[in-house]
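Q: Compute the structure for the input listed below.
(one chain, ligands or ions: 1)
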Amino acid sequence: MPAASTAPAVEGWFATDESGATHLIGGKCTACATYVFPPRENNCPNPGCDSDTLALVPLSRRGTVWSYTENRYAPPPPYPSPDPFEPFAVAAVELAAEGLIVLGKVVEGTLAADLKVGMEMELTTMTLYTDDDGTARTTHAWRIAQ
Ligand SMILES: [Zn+2]
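A: This is a model prediction of the structure:
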């Protein structure tokens, strides 16, 4: 069944600009400039900082593979999973400017054998599942940079 509409699986983790480019949204401490993802607006993650104010900011669209793996087993319910299950890769991508490592699914068609530590990746989105209303629920994902 084709999706009638699309919506993020989780609100507020990424945004798409006028050019169609998607970026993650992170929290950045207004006192010490430490970043955090998923985004939040309080509780700086730096143990040496007692600021409680994080600004929501766009994060780098590209990073390098820090680690990766491949999931070959369907997750148990209630986690959504296509039927039949297709193996997929997951990459932990380091954003150098922010000093963050962001975990995400890798787009369909790219598996662990295609990935290498240090490889440049770029952000995109993919459908995670289609909900009962026919809405395609999207999530951030990594693909090998063009
Ligand atoms: Zn801070």
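Q: quick one, what contacts residue 11?
A: By CB atoms under 8 Å, 6 or more residues apart in numbering, no residues touch residue 11. (C-beta placed from N, C-alpha, C; glycine too.)
Q: Begin at 49 from now on, thanks
A: Okay, residue one is now 49; in that scheme the one you just asked about reads as residue 59.
Q: Distance check, it against residue 96.
A: Separation of residue 59 from residue 96 (CB to CB, to the nearest Å): 31 Å.
Q: and if you look at residue 68?
A: Separation of residue 68 from residue 96 (CB to CB): 39 Å.
Q: Check residue 72 too.
A: Computed as CB to CB, the residue 72 to residue 96 distance reads 25 Å.
Q: what do you get for residue 112?
A: Relative to residue 96, residue 112 is positioned 27 Å away (CB to CB).
Q: Mind checking which of the two has more residues around it?
A: Neighbour tally, residue 112 and residue 96, criterion other CB atoms under 10 Å: the higher count belongs to residue 112, 17 against 7.
Q: Next one: the more buried one relative to residue 159, how far apart?
A: Distance of residue 112 to residue 159, given as CB to CB: 18 Å.
Q: Equivalent analysis for residue 165, please.
A: Taking CB to CB, one finds residue 165 at 15 Å from residue 159.
Q: Looking at those two, which one has more neighbours?
A: Remark: of residue 165 and residue 159, residue 159 carries more neighbours, 16 against 12, as counted by other CB under 10 Å.
Q: Can you read off the pLDDT for the more buried one?
A: pLDDT recorded at residue 159 is 97.
Q: bridging residues for residue 149?
A: For residue 149, the beta-bridge partners under DSSP bridges are residue 142.
Q: how many neighbours does it have?
A: Residue 149: 15 surrounding residues under other CB under 10 Å.
Q: Which parts of this protein are strands?
A: Using DSSP state E, the strands of the chain run over residues 53-56, 62-64, 70-77, 83-84, 102-106, 110-119, 136-143, 148-154, 168-178, 183-192.
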